[in-house]
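[1] A structural model of the following input is requested.
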Amino acid sequence: MIQENLAFLLDNLSGVWKILFNRVMILSCSSQIVSMLVKSLIKSVKNKKFSLKEMASYGGMPSSHTAFIVSATLGLGIEYGWNSGVFGFAIVSALIVLVDAVKLRGTIDRVNERSTYLAKDCPESEIGKTPKHIAHKFSEVIGGIVFAIIYTFLFYLCFKGFFDFAN
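    The predicted structure is shown next:
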């Protein structure tokens, strides 16, 4: 029994490298990276100064977290069917991420503003530096959704067959 279980585990673990060619994972990760580049370019044009630091900043248009989760959700719907349990789970997960991007982060921004006000007389070394804004505006989340829809469409149009060899 233990030998059979070990053989089963080793057989399944030997295919873990295929995750590198998983179409949905590549879609969602590349969507986030490209949306971060777009966000950086938009902020650079606004500020008239290019900075790659903007890629990792909170907030901004389009929301890269939104682009990631919506692309993943659409990819799972395309790959496994719009009526599949995997797609249903992805929809629920996406809704949680989208609500958190606006509501939860907005609450954190308000707490951050108040704590900064209360600690204004304390040296920064005692309280640490916090980001000024981490919440997304509703329009940035909508921008992330639109970006993800367009990006997913183009991704499948151009690369659908490219990752089939790993299956």
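[2] low-confidence regions, the chain specifically.
    Regions of the chain meeting the criterion pLDDT under 70 cover residues 52-59, 103-136, 163-167.
[3] try it again with 90
    Residues of the chain meeting the criterion pLDDT under 90: 1-22, 36-66, 96-144, 158-167.
[4] which helix is the longest one in it?
    Longest helix of the chain, by residue count under DSSP state H: helix 23-47.
[5] can you mark which positions in that one are buried?
    Judged by neighbour count using 16 or more other Cβ atoms under 10 Å, the buried positions of helix 23-47 are 23-24, 26-28, 30-32, 34-36, 38-40, 43. All C-beta spots, glycine's among them, are computed from the backbone N, C-alpha and C.
[6] can you give me the offset of it from its chain's centre?
    10 Å (Cα atoms, centre = their mean, to the nearest Å).
[7] try stretch 142-149
    12 Å.
[8] which positions in it come out as buried?
    Applying a neighbour-count criterion of 16+ other Cβ under 10 Å, one finds I142, G143, G144, I145, F147, A148 buried in stretch 142-149.
[9] for the fifth one, phi and psi?
    Dihedral pair for F147: phi -60, psi -50, per degrees, to the nearest 10.
[10] secondary structure class for the closest residue to it other than its chain neighbours?
    The shortest distance from F147 to any residue other than its chain neighbours is 4.3 Å, reached at P62 (Cβ to Cβ, 6 or more residues apart in numbering). In the three-state summary, P62 is assigned as coil, counting by DSSP: H, G, I helix; E, B strand; the rest coil.
[11] measure P62 to I142 for me?
    Taking Cβ to Cβ, to the nearest Å as the measure, P62 falls 9 Å from I142.
[12] do G60 as well
    In this structure, G60 lies at 13 Å from I142, with Cβ to Cβ as the measure.
[13] I149 against T73, yeah?
    No - no contact is recorded between I149 and T73 when judged using Cβ atoms under 8 Å, the distance being 10.4 Å.
[14] before we move on, the earlier item: helices or strands next to the longest helix of the chain in the packing?
    Secondary structure elements in contact with helix 23-47, counted by 3 or more Cβ pairs under 8 Å, 6 or more residues apart in numbering; DSSP states H and E, are helix 64-80, helix 138-159.
[15] out of those, deepest packed?
    Mean neighbours per residue, mean count of other Cβ atoms under 10 Å, is largest over these for helix 64-80, with a mean of 23.
[16] before I go, just wanted to say thanks for your time.
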